[in-house]
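A.B. asks: Dropping the sequence and predicted coords here.
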Amino acid sequence: MDALFLQILNGLDKGGAYALIALGLTLVFGTLGVVNFAHGAIFMVGAFCAVTLEKILTISVRVKDESVTFFDAYKETPYLEVWFGDTGKAIIDWSVPFSIILAIPVMLLLGVAMERLLIRHFYKRSHAEQILVTFGLAIVVQELMRTFFGANPIPQGAPEIVAGSANIGAWFGLGESVVYPWWRLIYLLFSAIIIGLVFSFLHFTTYGMVVRAGMADRETVELLGINIERRFTIVFGMAAVVAGLAGVMYTPVLPPDYHLGMDFLVLSFVVVVVGGMGSLPGAVLAGFLLGILQSFSSMTEVKDIFPGIDQIIIYLVAVVILLTRPRGLMGRRGVMES
């Protein structure tokens, strides 16, 4: 029972990352009709926003090491610690959460720039052309990240106060040995909050309702005199922010490298297809379900029977879903059907 509970939790927090990226992919496809294969690169750029801020906050100066008395010794100390002492040290410790402040404007500008300068010219092109162009853009961004940050993963630590594990066994009446990393619980909560905010924006604000109306019938909305294209540009930027924030908060779980975006893009695109192209609830549902399925398939007991099943289970499920239900779990009629 304890092992099953931990696998569900593991699947949920992993599914949270899939759901957030898939949510952005679905927003872009639902509003603009564009299959954006550069969305994984946006997730990666968000992760490197956290790396960038940490590097800025830890810019150091050589100061004398007072703990060494028998000769002059020096050590590298971040300027923030020199200027602000323990407060500066705390700011560095919380660099990942603080990266959200940097990531929001950066990702919004990046998303709007991508839509205005490139994506808008491919609205009426075939999906094959859209995939080719956006995949090429993803490769360019990937190589830029490799040039600036190197090829090796760059570990990012969670704040010290949440760096350990939570005794979730005591919370739910399970064994005392049932523990789970605090930061992964925080990421799961963060994913739920972001998903809730996106759905609230789309369902309970006038702006969001117009966007949803445009997703359903763009021509009618434009006949009412509403500049739906401008609103869709903002939605593209919002989708970039969602993916970027997902990347920022995932850095303590998985150290970012230049392959990160492509790894998550493939899995998240499968999530979108399984959930149903253009279906926001479907993307979220499929993200969490496939995350849990992948978690259970990685158990030793399962891998002993089916070696390597954890690497292919998501793709097997996608094949079965597309064969039995071409629209996906919650897809609209006519989408992904010939």
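C.D. replies: Perfect, I can see it now.

A.B. asks: all helices for the stretch 201-338 of the chain, in order.
C.D. replies: Counting by DSSP state H, counting those that start in this stretch, the stretch 201-338 of the chain has helices at residues 206-216, 218-223, 228-250, 260-275, 280-297, 300-305, 309-324.

A.B. asks: Mind putting those into CSV with mean pLDDT?
C.D. replies: Shown next, in CSV, are those (pLDDT from 0 to 100):
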stretch, mean pLDDT
helix 206-216, 80
helix 218-223, 77
helix 228-250, 88
helix 260-275, 85
helix 280-297, 89
helix 300-305, 83
helix 309-324, 86
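
A.B. asks: Generate TSV for those, with distance to Ile186 and mean neighbour count as supplementary columns.
C.D. replies: C-beta here means a position set from N, CA and C on the backbone, and glycine is covered the same way. Converted to TSV, those look like this (distance: least, C-beta to C-beta, whole Å; neighbours: other C-beta atoms under 10 Å):
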stretch	distance to Ile186	mean neighbour count
helix 206-216	27	16
helix 218-223	38	13
helix 228-250	8	25
helix 260-275	19	24
helix 280-297	16	23
helix 300-305	27	10
helix 309-324	25	14
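
A.B. asks: Which one of those helices lies nearest to Ala151?
C.D. replies: Nearest to Ala151, of all these, is helix 260-275, at 11.9 Å by C-beta to C-beta.

A.B. asks: How far away from the center of its chain is the lengthiest helix in the chain?
C.D. replies: What stands out as the longest helix in the chain, according to DSSP state H, is helix 2-32. Its chain's C-alpha centre and that of helix 2-32 lie 9 Å apart, by C-alpha atoms, centre = their mean, to the nearest Å.

A.B. asks: in it, what's buried?
C.D. replies: Buried residues in helix 2-32, counted by 16 or more other C-beta atoms under 10 Å: 5-7, 9-32.

A.B. asks: Can you verify my assumption that Gly88 contacts Leu80?
C.D. replies: Yes: the criterion here is C-beta atoms under 8 Å, and Gly88 meets it with Leu80 at 3.2 Å.

A.B. asks: how far does the helix or strand of the chain with the lowest mean pLDDT sit from the chain's center?
C.D. replies: Lowest by mean pLDDT, DSSP states H and E among the helices and strands of the chain is helix 218-223, with a mean of 77. Centroid separation between helix 218-223 and its chain, computed with C-alpha atoms, centre = their mean, is 32 Å.

A.B. asks: Show me the shaky parts of this structure.
C.D. replies: Scanning the chain for pLDDT under 70 picks out the ranges 1, 66-72, 332-338.

A.B. asks: Skipping its backbone neighbours, what lies nearest the residue most central in space within it in space?
C.D. replies: Nearest to the geometric centre of the chain sits Ala246, at 3.1 Å (C-alpha atoms, centre = their mean). In space, and not counting its chain neighbours, Ala246 is closest to Leu20: 3.8 Å by C-beta to C-beta, 6 or more residues apart in numbering.

A.B. asks: Go ahead and name everything in contact with stretch 106-118.
C.D. replies: Stretch 106-118 is contacted from outside by 32, 38, 42, 45-46, 49, 133, 137, 232-234, 236-241, 243-245, using C-beta atoms under 8 Å, 6 or more residues apart in numbering.

A.B. asks: redo that, cut-off 6 Å
C.D. replies: Outside stretch 106-118, the residues that touch it by C-beta atoms under 6 Å, 6 or more residues apart in numbering are Gly46, Cys49, Thr233, Phe236, Gly237, Ala240, Val241, Gly244.

A.B. asks: Please tabulate those residues in a markdown table and include distance to Glu160 as additional columns.
C.D. replies: What follows is the contacts of stretch 106-118, written out as a markdown table (distance: C-beta to C-beta, whole Å):
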| residue | distance to Glu160 |
| --- | --- |
| Gly46 | 23 |
| Cys49 | 21 |
| Thr233 | 40 |
| Phe236 | 37 |
| Gly237 | 34 |
| Ala240 | 31 |
| Val241 | 28 |
| Gly244 | 25 |
